[in-house]
Structure formats: C-alpha cells, structure tokens
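[1] sequence-free structure coming up:
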Ligand SMILES: Nc1ncnc2c1ncn2[C@@H]1O[C@H](COP(=O)(O)OP(=O)(O)OP(=O)(O)O)[C@@H](O)[C@H]1O
C-alpha cells in the first residue's frame, strides 16, 4: 500500500480497512479527526489524506498543539500584526493563512487550551481568521485534519474540551489500529525499516526475532518498532536475533517463550520454589530488576503475592488464594487441560494447544493459571520444552478425581 510520497506499509485487514476509509474521505472536504495511540501513524495518515485529495498540489501544514506554549500558539495559528506584542517586529502570516487552499493538521488537538478552542471554532464556522493585533479579518480556505491520542468525547464530558468543537472537528472519524492489532505487518514494517537504511550490515531478521516481534505488546507502536529495529541493527553483525531486540525493549519479554507475560513467569517461578527474593527472581527470569519489581508490586497490591521480611530482605511468595485452599474453581477448558495431562502423564504448551485447538498463547495462559493453583506442576525444563504433570493439589474438583479423556494429541 503506498502513496507516491509517503509510504504506508502494511497489508493487515485492520490497516486495509483504515486506508480505504482514508482514501474515501480524502475526496471530500469534510474535516477529519484521526485518533489512535501514540506512534500509530496519525501524522502519516493526515499527509496521506492530503496527498489523495484535490488539494494535493497545495500546502500541507502541520502544527503540534502540545509542543508550542499556549501563549504563542494563537500567534502561530492566526499570525500577528507588527507591534501586536513585544517581539512582533513585522507582520507575520499564521499557519491558517500559510495552509490556504490546502490542509492544516492540528496534531495533539486534545492539548489545545480551552480559550484557544473557542477561537478555532470561530475560524471553522466563519472561514476567516483575525491575526493578533489586527482589526480586519482574512478569508481562508483550509481543510482541517486533527489528530489526538485522547478521547475528546470523554474530555468534553469532563469539560476539558468544547463539545461544539468536537462536533466541528469530527466531520469524519478515523481510528488507527494499534500495532499489536496489525498481525504480520509488524514483521513487514521491521523489514522495511531495515531496508530503508544503508548504514547497517544487518539486513535480515532471524525466526526467533520475528516471533518475538509478533508477541511484544508495542506500547509505543510503529515509532517504537522503528527505534528498536534500528538500535538492534547496530548490535547485530548479520541477521537481527531475539537477543538483540530484547536489549532495546523497555518491557521485559521472555526470549525462550515470548507468549508468556512477566506476571505469568513470576507466578510459575514462585509456584516452583515456594518463595524467592527479588534477586533470585531476577536471575531466574533474566529480566531487569525494576521490571520485576514493578509487576511484583502490582501483584502484592492485588493480593496475589505476599511480601515478608527474612533476614532483612523481602521475600515473595504466592498468596494462599493463588495456591488453592477451598475447592478449586476451574473453567471447563482448564478441567479438560488437567484431564489431558493426567491421561498423557506429561504435556507441553504446544501439545495442549493442539489438543484443545487453541493458540499457544492461550494454552500458556491456561497452564500458568493451573500451575498457580497447584493443579499442574512444571517438570523443570525451560522454554518450549517445558512439560507439566498433574500437580499434588488435593482440592481438585471431585468430578476430576478419576476423569479420563478420549482426546487425541
Ligand atoms: N504504516 C506505516 N508504514 C510506514 N511507516 C509508518 C507507518 N505508520 C507509522 N509510520 C512511521 O512511524 C513514525 C510515527 O508515525 P506518526 O508520527 O505519523 O505517528 P503519530 O500517531 O502521529 O504519533 P504521535 O501520536 O506520537 O504524534 C513515523 O516515522 C512514521 O513515518
């Protein structure tokens, strides 16, 4: 998928649907509100809409409303007359005038001060601007695209954004999908970023690296992916491997089994060992101490993990609620998983996924939940080879005590 000037990479259903909307609205003059998490390509899409519109040969002007101090933003947008304020040594056109005939992108519009919102509303209604210090107004013909990662409707309810302006800006709304919802586009984008540079020796991605990229949750979306790939490319001499990527990912992810979350890994480590100190968890999980600490604090606050002081250092263990006590409440699928494990003696995540027709990720989650309550016990192997036996948990539901299954593997 591409426009001539600005390439939008990806072929996932989510991206294609969004591109189709962008192409259609480009042919109109409706104002467009683009929403999406940070780094999902809002500015790129705004430029795309402009390029696809009848205004393509006219200026495309972008302003980041969050980056300019509130007191300067008005002069920036509407321009000013010589002498309007100290420093105004000559007349200056504002961005609305500079974008005349074309498109103005009001990026991070959710950060625009309320007082300025009223002035923007007036420009949109009247189609004219009044530079700071000017008596006369000036006609402008500008197509407005605005972008934000905030929820303007919710902000309007909280009186932090004018509701009438939300209606004006939202002639047509486009919500950009997060990178984690774009499937294989992640790998496509990563390859494209590598190809776009000729200052690196590494040009490919190992299979492990691809798996890891697909499992990471990408809080910073495409911008984060771009940064991580380019940084990893500095470290790698040939193909980029998973080990190069983890160095540059802010949130920990298991190289051996990226489908397991940090919390799941903490739970299974505590399940295996009973109790552990932070440094012990760090060396087992091969994850930065700060990351483990962050997750552990959440687990302690939620009552899943207990913290006690032993010889002056904090020791963590699974709370009783996580180890069982009353008869276990398992879902039907978890009961099936235990029954399958009992029937086969030992089961891996992959085998369980195949037997139940679920993804490896779901299988890993179910196994971790079962390990946490003592219904399954890990056999000590790591990563994909890890196997599980039926645990010594005595509180399995009665119905499961001698349950057998005909499920094949
Ligand atoms: N589909 C895509 N194909 C290629 N490059 C992309 C794509 N989406 C985003 N990018 C690139 O990712 C980077 C971030 O995109 P952009 O600045 O448009 O995001 P944004 O949503 O406006 O971010 P923010 O909310 O932080 O302002 C840019 O370098 C952009 O070119």
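    Structure's in. What do you need? None of the values given here were measured: they were computed from a predicted structure.
[2] wouldn't residue 390 be in contact with residue 340 here?
    No: look at residue 390 against residue 340 with C-beta atoms under 8 Å: they stay out of range, at 9.9 Å. All C-beta atoms are positioned from the backbone trio N, CA, C, and that covers glycine.
[3] Please enumerate the shared neighbours of these two.
    Counting by C-beta atoms under 8 Å, 6 or more residues apart in numbering, residue 390 and residue 340 have no contacts in common.
[4] can you pull the contacts of the residue in the stretch 51-200 of the chain that the ligand sits nearest to?
    As assessed by C-beta to the nearest ligand atom, the ligand sits closest to residue 149 within the stretch 51-200 of the chain, at 5.2 Å. Contact analysis of residue 149 by C-beta under 8 Å, 6+ apart lists 35-38, 42, 108, 110.
[5] Let me see the ranges of the strands in the stretch 251-400 of the chain.
    275-277, 305-310, 313-318, 347-348, 376-378, 387-390 (DSSP state E, counting those that start in this stretch).
[6] What pairs with the shortest one, parallel or antiparallel?
    Under the criterion DSSP bridges, strand 347-348 sits next to strand 387-390 (antiparallel) in its sheet.
[7] Check the third one too.
    Using DSSP bridges, the neighbouring strands of strand 313-318 in the sheet come out as strand 275-277 (antiparallel), strand 305-310 (antiparallel).
[8] how about the shortest one: buried residues?
    Within strand 275-277, the residues that qualify as buried are residue 276, counting by 16 or more other C-beta atoms under 10 Å.
[9] Next: stretch 107-122.
    107-112, 116-117, 119-121.
[10] all helices of the stretch 51-200 of the chain, in order?
    In the stretch 51-200 of the chain, the helices defined using DSSP state H, counting those that start in this stretch lie at 70-78, 95-98, 114-126, 152-157, 163-169, 185-195.
[11] Which neighbouring elements make contact with the third one?
    Spelled out, that is helix 114-126. helix 70-78, helix 163-169 (3 or more C-beta pairs under 8 Å, 6 or more residues apart in numbering; DSSP states H and E).
[12] repeat for the last one
    Taking 3+ C-beta pairs under 8 Å, 6+ apart as contact, the helices and strands that helix 185-195 lies on are helix 207-215, helix 221-235.
[13] Mind putting those helices into TSV with mean neighbour count and mean pLDDT?
    Below are the helices and strands packed on helix 185-195 laid out as TSV (neighbours: other C-beta atoms under 10 Å; pLDDT from 0 to 100):
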stretch	mean neighbour count	mean pLDDT
helix 207-215	19	89
helix 221-235	19	93
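[14] out of those, which comes closest to residue 330?
    Closest of those to residue 330 is helix 207-215, at 26.0 Å (criterion: C-beta to C-beta).
[15] Quick one: list the elements packing against that closest one.
    Against helix 207-215 (3+ C-beta pairs under 8 Å, 6+ apart) you get helix 185-195, helix 242-246.
[16] Find out how far that helix is from the centre of the chain, if you would.
    Offset of helix 207-215 from its chain centre (C-alpha atoms, centre = their mean, to the nearest Å): 16 Å.
[17] circling back to that earlier point, out of the buried residues of stretch 107-122, who's near the ligand?
    residue 107 (C-beta under 6 Å from any ligand atom).
[18] and stretch 30-48, is it in reach of the ligand?
    Yes: shown here: stretch 30-48 in contact with the ligand (C-beta under 6 Å from any ligand atom) through 36, 38-44.
[19] Show me which parts of that stretch are buried, residue by residue.
    31-37, 39-48.
[20] what's the span of that stretch from first residue to last?
    15 Å (C-alpha to C-alpha, to the nearest Å).
[21] next one: stretch 125-141
    OK, stretch 125-141 end separation, C-alpha to C-alpha: 12 Å.
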